[in-house]
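Visitor: need a 3D model of the sequence below.
(chains A and B)
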There are 2 protein chains.
Amino acid sequence: MSEHSKEFETLDPQDWEQSKALMHKMVDDAFNYVQNVRDRKIWQEMPKDVLNTFKTSLPQQPSNAGDVYKELHDNVLPYPMGNIHPRFWAWYMGSGTISGVMGDFWASILNPNLGGGNHAGHKVEEQVINWIKEIIEFPKSASGLLVSGGSMANYTALAVARNVKAGYDIRAEGLKENNLVFYGSTEIHSCNTKAVELLGLGTKGLRKIEINEDYTINIEALKTQIKEDKANGLQPICIIGTSGTVNTGAVDDLNAIADICEQENLWFHVDGAIGAIAMLSNTIKPQLKGIERADSVALDLHKWLHMPFEAGCVVIKDNAGHKNTFSLIPEYLEKNTRGLAAGENWFSEYGLQLSRRFRALKVWMSLKEHGSERFGRMITRNVDQAHYLGQLIAQNNLLELIAPIGMDIVCFRYNPGGLNLEDLNALNKEIKLQIEERSIALPGYTTLNGVYCIRVAISSHRVTYADFDEFVNSVLRIGKTLI
Amino acid sequence: MSEHSKEFETLDPQDWEQSKALMHKMVDDAFNYVQNVRDRKIWQEMPKDVLNTFKTSLPQQPSNAGDVYKELHDNVLPYPMGNIHPRFWAWYMGSGTISGVMGDFWASILNPNLGGGNHAGHKVEEQVINWIKEIIEFPKSASGLLVSGGSMANYTALAVARNVKAGYDIRAEGLKENNLVFYGSTEIHSCNTKAVELLGLGTKGLRKIEINEDYTINIEALKTQIKEDKANGLQPICIIGTSGTVNTGAVDDLNAIADICEQENLWFHVDGAIGAIAMLSNTIKPQLKGIERADSVALDLHKWLHMPFEAGCVVIKDNAGHKNTFSLIPEYLEKNTRGLAAGENWFSEYGLQLSRRFRALKVWMSLKEHGSERFGRMITRNVDQAHYLGQLIAQNNLLELIAPIGMDIVCFRYNPGGLNLEDLNALNKEIKLQIEERSIALPGYTTLNGVYCIRVAISSHRVTYADFDEFVNSVLRIGKTLI
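Guide: Numbering: from 1, shown residues only, chains lettered A, B, ... in the order given. Purely as a prediction, here's the structure:
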């Protein structure tokens, strides 16, 4: 390479028109990929020769961008996770949307850093957070932050709860005593356990309270445990209510938890990763009563709002407590009264991240394009579909519902009778795997009181009622061949 | 809306061709936006009427996607942060690339969840992490994780250091004593302080050791502090070396730190958010000697690798210790031997996040397209440009270098003589703001020993030597008018 070309070499395309043409081709291919998703296999095993392509070492020399795309096209696109397919009902995920893709595209082009500063991206994120506050009926004075997802949203809220409720300057002094306790049900999401461990409290810092038959937290047991813990010199900090448990979609009695928190001066956090956004659904909203009394709520926007990954959100009523937990401004970030570095309340002062992607843009564009009511209708329809599937199960004596249908989650099994638990579990596991391997659908699974369940979490905006007819027929057909 | 249309309503475009046409228009506009970035203002203040558009409440009804794009076009695109412009030298950020945009676009289309599972995305991330290990000369057996950025990368490594080195089961039992200590220099990045606070150790759990004249950690002072702390019953856990401090680009003596860590059985972490990727540069690589001896390294790929936000990476030699800190597998995520849920070592077992964006794809596509050597040349050129700017400063007796040039960071001030510190600081602050407000360039600033500096962090792949001639001339011109 000559000295001259070295001086003007960049990472920009050497031929802009050629690069633009490639991007246009990608757009055509990508739209077809999404539009025809139903016709492709949900999931398929990668063959060995494809797997081997991912073992090559660091590329030192350049390649043609078109050739790189060919590798993506041949070796990545045919082997997706499957969650954009209408019949993906496994782990709780959104399906993505074209409007979300457009927002993400512009976020990558503009590429601002949402850590802070006086630029349009910051205003867009403020607005999106205000919209989320409207949805969960939080006051305008609450603080909020878009984060990577439910795990970080819960972590952020629990960190604030720890620091605000400890009763001493935990941020400066560290955990003076090893006695702080959080509470949630045995059905609480694992990310809350992780959070409490990382905050220094240890697994023992999260009390898991027994559940009722409907998988919601047992309020009396919760009260008893708090009383006992206080008597033993422990310091209760926070109760985590779940709106939409991951196993069965159960919603804890949020008002009852709010009452206890008021009486005991505890922080009330709602893990609403699955369910909080269902405030948009007329069907679910009444079940969420009490969420507006929470000190903090964690939401996932890449679940039932179908944003492309990642998009979570945490909203916290104690704005100052939130900022006091995370704000730390070094010299090189000191604010100005003018210019780019102007503006109060940078987002980096409200969470772990300093550099932050413009993830607000896809939410902003999607909510503007679709309007919140359409999202509400999509959620309501998923819930209706869950009950439709529930009816199909109830109507067939070879099928058995294992838990009450919570929100949009149906746990059931195939049970021809006469088999012991172990054999039934093995049978249902095999049915689930065959459904998946034959690319009929991609249901999830879980184990409830030792019972292996086929777990159908219906969050797709593309799924139809007919899909469940075919699914149930397939379960029956495969079940029959296996016994 | 009729019952029929309600049943088949989705969040997909109602008219796919219309939506595709809009995306094609966006591609044309976006490529022009990047290609012509030099001709637009780096940054400009948002007028009041634009600010007001961000105050409207939750949109309940749908809008035409084209109209939403018009809002983006009119109210967001003209008011960027500025970091994709060649003359943005403020906070340390990458400029983005078209290949990164393409990768991000497909990540949003495919929309897999990189939390785990047996699909191509997982293999792509494994490969990208292997490449990063190659770059920093880490063994293949090391574990790694792509994260949102340097803050999360450092947090993740420090959490593992805490758990591995505490000497008891801190994950289960919590912090039994309030006596764990981490070490770094006074120039350490603030995210490490945040991390240590959140891990429950408090601000006091991070000892800030004095620096040498070149802004690197004072090794003798470090040794003395460790000795003293041990004598006082504290438990040293980890030393954080910085490769590229944010103020001046200083690189700590990593081999000397590695020696201490070996002697004292401490965890050796390198915060390489700015500098570790400069292993690709022949100029910088020798300064980073010793990085290969670290237990963990944090890198940022949205800085000198120019990935669109977000892309950070943490690499950890103690794979098992890493996994033991974060792995937690609830029933609904139990692995299968077949199907989507097959595969060992899911990424969610190595960090806080369960749901994870396919951020590996942009890195994979960019490294394949450009090759690592081109990235190395871009880094080397930035370092050369820093020294070129240093020469321009040295040649002019109205300008004064305030710190040694570290990597690509130049701290200087305008000093016409005869002014006291306070007036000089105010003068330089005003020069910096006018440079920014006139959109000549967007330099950063910091304060070193009370001296306000104009801080030029040169990480753009688009900047040329001539940009610094014009910048220095502007500083001199504005300085002259102000005194």
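
Visitor: quick one: the closest residue to residue A:319 other than its chain neighbours and chain B, what's the gap?
Guide: Spatial nearest neighbour of residue A:319, excluding adjacent residues (CB to CB, 6 or more residues apart in numbering or on different chains): residue A:143 at 4.0 Å. Just so you know, the C-beta spots here come from the backbone N, C-alpha and C atoms, and that holds for glycine as well. When distance is defined by CB to the nearest CB, to the nearest Å, residue A:143 is 17 Å away from chain B.

Visitor: so residue A:68 makes contact with residue B:367?
Guide: No: using CB atoms under 8 Å as the test, residue A:68 is too far from residue B:367 to be in contact (9.5 Å).

Visitor: more neighbours: these two, which one.
Guide: residue B:367 (27 against 23; other CB atoms under 10 Å in any protein chain shown).

Visitor: so what's the more buried one closest to, chain neighbours aside?
Guide: According to CB to CB, 6+ apart, the nearest residue to residue B:367 is residue A:59 (5.6 Å).

Visitor: so where do the strands sit in chain A?
Guide: With DSSP state E, the ranges of strands along chain A come out as A:88-89, A:143-147, A:180-185, A:206-209, A:235-242, A:267-272, A:296-300, A:312-316, A:399-401, A:409-414, A:442-448, A:451-457.

Visitor: show me what the shortest one is packed up against.
Guide: In terms of contacts (3 or more CB pairs under 8 Å, 6 or more residues apart in numbering or on different chains; DSSP states H and E), strand A:88-89 is packed against strand A:442-448, strand A:451-457.

Visitor: returning to what we had before: quick one: contacts for the residue nearest to residue B:367?
Guide: B:131, B:367, B:368, B:371, B:372 (CB atoms under 8 Å, 6 or more residues apart in numbering or on different chains).

Visitor: low-confidence ranges in the stretch 51-200 of chain A?
Guide: Nowhere does the stretch 51-200 of chain A drop to pLDDT under 70.

Visitor: and the residue of it closest to chain B?
Guide: Distances between the stretch 51-200 of chain A and chain B by CB to the nearest CB are smallest at residue A:200, namely 2.1 Å.

Visitor: counting neighbours, what do you get for that residue?
Guide: Residue A:200, neighbours per other CB under 10 Å, totals 26.

Visitor: burial measure for residue A:312, as a count.
Guide: By other CB under 10 Å, neighbour count at residue A:312 equals 27.

Visitor: can you verify my assumption that residue A:212 contacts residue A:218?
Guide: Yes: contact criterion CB under 8 Å: residue A:212 and residue A:218 qualify, at 5.3 Å.

Visitor: compare these two (neighbour count), which wins?
Guide: Between residue A:212 and residue A:218, counting by other CB under 10 Å, residue A:218 is the more crowded of the two (18 against 15).

Visitor: got the residues of the stretch 151-300 of chain A near chain B?
Guide: Contact residues, the stretch 151-300 of chain A versus chain B (CB under 8 Å from any CB of the partner chain): A:151-152, A:155, A:159, A:170-176, A:178, A:189-191, A:193-195, A:197-205, A:246-247, A:300.

Visitor: sort out for me which of those residues are in helices.
Guide: A:151-152, A:155, A:159, A:170-173, A:190-191, A:193-195, A:197-198 (DSSP state H).

Visitor: quick check: the farthest pair among the residues you listed?
Guide: A:172 and A:190 (30.3 Å; CB to CB).

Visitor: among the two, which residue is more densely surrounded?
Guide: Taking other CB under 10 Å, residue A:172 and residue A:190 do not tie; residue A:190 has more neighbours (17 against 11).

Visitor: and the residue of the stretch 51-200 of chain A closest to chain B, how far from residue B:263?
Guide: 27 Å (CB to CB, to the nearest Å).

Visitor: same thing with residue A:69?
Guide: 51 Å.

Visitor: more neighbours: the two, which one.
Guide: Legend: neighbour count by other CB under 10 Å for residue A:69 and residue B:263, higher for residue A:69 (21 against 10).

Visitor: list the contacts of the residue nearest to the spatial centre of chain A.
Guide: Nearest to the geometric centre of chain A sits residue A:300, at 4.2 Å (CA atoms, centre = their mean). By CB under 8 Å, 6+ apart, residue A:300 lies in contact with A:149, A:150, A:153, A:273, A:274, A:277, A:311, A:312, A:313, B:355.

Visitor: and it, what are its bridge partners?
Guide: residue A:312 (DSSP bridges).

Visitor: quick one: pLDDT of it?
Guide: Here, the pLDDT recorded for residue A:300 equals 97.

Visitor: residue A:239 reaches residue A:263, doesn't it?
Guide: No: Residue A:239 lies out of contact with residue A:263 (CB under 8 Å); the separation is 11.1 Å.

Visitor: domains for chain A, by residue range?
Guide: A:12-41+A:44-79, A:112-357, A:371-482 (automatic domain parsing).

Visitor: tell me the most buried of those domains?
Guide: Sort the domains of chain A by mean neighbour count, taking mean count of other CB atoms under 10 Å in any protein chain shown, and domain A:112-357 sits at the top with a mean of 22.

Visitor: enumerate the residues of the stretch 351-483 of chain A near chain B.
Guide: When proximity is defined by CB under 8 Å from any CB, the stretch 351-483 of chain A lies next to chain B at A:352-358, A:361-362, A:365-375, A:377-378, A:381, A:429, A:433, A:436-437, A:442, A:444-448, A:455, A:461-462, A:464-465.

Visitor: sorry, back to before: let me have the domains of chain A in TSV, adding distance to residue B:73 as columns.
Guide: As requested, those are exported to TSV (distance: least, CB to CB, whole Å):
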stretch	distance to residue B:73
domain A:12-41+A:44-79	18
domain A:112-357	11
domain A:371-482	20
